[in-house]
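Participant: how would this look folded up:
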Amino acid sequence: MLLRTQKATFQGAAGAVDCVLDLPGDEPAGWALVLHPHPLHGGARDNKIVTTVARACVQHGLMAVRPDFRGVGASAGAFDRAEGETTDMRMLVEQFAEAHPRAAGGPWVLAGFSFGTAVAAQLYAELADRGMPLPDRLILIGCAVERFRFRTVSVPDDTLLVHGERDEVVPLAEAMDFARTRQLPVTVVPDAGHFFHGRLLTLRRIIQSSLAGLGGGGG
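Facilitator: Got it, this is the predicted structure:
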């Protein structure tokens with residue numbers, strides 16, 4: 001359950017990055033950055049999968065940050081096929097650490113859905129290249145990394161990949177190809193489509209199980 005929500009603005013390379021912060025009832029034990037699907041196809045921070053992931057993170061005691069990408073809502077700029085968006089998110093990570101040092105000092109989760117997986121995976125690689133603190137958990141749902149890849153992608157061995165068996169936007173075979181080249185397991189939700197209609201509770205349980213291995217709160 002989301003107990004408190006507030007607005008926040010960070011600065012990306014193209015200008016303002018408008019965000020919602022979902023806060024737990026107590027002092028956040030860490031934080032999560034949850035990235036939305038394709039901006040040109042209705043993707044925004046209030047997407048049901050994005051909010052499902054955010055709720056799971058808040059239940060675990062984390063502050064969840066849900067930004068709108070370039071050109072969505074009050075965020076500045078225009079769609080940049082993940083490259084500019086990745087730069088914006090790196091800048092957001094740096095600014096978040098300054099604005100919320102206590103939350104940033106705890107475990108953190110980087111999650112993306114669909115187009116958001118391309119930004120999340122490339123952001124992870126960018127952080128690693130720069131020697132910046134890396135997420136304790138990387139979660140990719142409806143993996144579309146290769147569709148918007150502009151750089152070499154490195155992801156951790158414990159990356160959580162979740163995909164619908166009947167995904168009509170990003171076929172399961174595409175996610176399997178991504179996983180195969182990196183020797184990652186894939187959690188497949190039977191009969192689920194791209195947007196996990198009727199399967200959001202199942203998705204939430206999968207996310208909660210993944211978060212159980214982190215430090216922080218819960219319950």
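
Participant: going forward, measure contacts between C-alpha atoms and count neighbours the same way
Facilitator: Fine.

Participant: Start and end of stretch 73-91, how far apart?
Facilitator: End-to-end distance for stretch 73-91: 19 Å, by CA to CA, to the nearest Å.

Participant: What separation do you get for Arg45 and His36?
Facilitator: Counting by CA to CA - Arg45 and His36 are separated by 6 Å.

Participant: ok, those two, which is more surrounded?
Facilitator: With neighbours defined as other CA atoms under 10 Å, Arg45 and His36 compare such that His36 has more, 28 against 23.

Participant: Against Ala82, how distant is the more buried one?
Facilitator: On the measure of CA to CA, His36 and Ala82 end up 12 Å apart.

Participant: So for those two, which residues contact both of them?
Facilitator: Phe115 (CA atoms under 8 Å, 6 or more residues apart in numbering).

Participant: Show the contacting residues for Ala144.
Facilitator: Ala144 is in contact with 114-115, 117-118, 170, 174-175, counting by CA under 8 Å, 6+ apart.

Participant: Could you do Asp191 as well?
Facilitator: For Asp191, counting by CA under 8 Å, 6+ apart, the contacting residues are 164-166.

Participant: and these, which of them are in helices?
Facilitator: Using DSSP state H, no member of these falls within helices.

Participant: Out of the residues you listed, who's the most crowded?
Facilitator: Highest count within the contacts of Asp191 by other CA under 10 Å belongs to Gly164, 26 neighbours.

Participant: Please tell me the pLDDT value assigned to the nearest residue to that residue once chain neighbours are set aside.
Facilitator: Leaving aside its sequence neighbours, Gly164 sits nearest to Ala192 (CA to CA, 6 or more residues apart in numbering; 4.4 Å). On the pLDDT scale, Ala192 is placed at 98.

Participant: Looking at stretch 55-70 now, give me its mean pLDDT.
Facilitator: Per-residue scores along stretch 55-70 average to 97.

Participant: my bad, should have said stretch 132-149
Facilitator: 97.

Participant: in that stretch, what counts as buried?
Facilitator: Neighbour counts over stretch 132-149 (16 or more other CA atoms under 10 Å) mark 134-146, 148-149 as buried.

Participant: One more: stretch 185-193?
Facilitator: Buried positions in stretch 185-193, judged by neighbour count with 16+ other CA under 10 Å: 186, 189, 192-193.

Participant: Can you list the neighbours in contact with stretch 200-219?
Facilitator: 29-30, 49, 52-53, 56-57, 59-62, 106-107, 136-137, 160, 189, 196.

Participant: Restricting to C-alpha, output it in PDB.
Facilitator: Only the C-alpha atoms of stretch 200-219 are listed here, as PDB (Å, rounded to 0.1, in the frame of the first residue of the first chain):
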ATOM      1  CA  LEU A 200      -0.500  -8.300 -12.000                       C
ATOM      2  CA  LEU A 201      -0.900 -10.000  -8.600                       C
ATOM      3  CA  THR A 202       1.300 -12.900  -9.900                       C
ATOM      4  CA  LEU A 203       3.900 -10.300 -11.100                       C
ATOM      5  CA  ARG A 204       3.800  -8.500  -7.800                       C
ATOM      6  CA  ARG A 205       4.500 -11.800  -5.900                       C
ATOM      7  CA  ILE A 206       7.500 -12.500  -8.200                       C
ATOM      8  CA  ILE A 207       8.900  -9.000  -7.500                       C
ATOM      9  CA  GLN A 208       8.300  -9.400  -3.700                       C
ATOM     10  CA  SER A 209      10.100 -12.700  -3.800                       C
ATOM     11  CA  SER A 210      13.100 -11.100  -5.500                       C
ATOM     12  CA  LEU A 211      13.200  -8.200  -3.000                       C
ATOM     13  CA  ALA A 212      13.200 -10.600  -0.100                       C
ATOM     14  CA  GLY A 213      16.900 -11.200  -0.500                       C
ATOM     15  CA  LEU A 214      17.700  -7.500   0.000                       C
ATOM     16  CA  GLY A 215      18.300  -5.700   3.200                       C
ATOM     17  CA  GLY A 216      15.700  -3.200   4.300                       C
ATOM     18  CA  GLY A 217      12.200  -3.400   5.500                       C
ATOM     19  CA  GLY A 218       9.200  -5.400   4.600                       C
ATOM     20  CA  GLY A 219       5.700  -6.400   5.700                       C
END
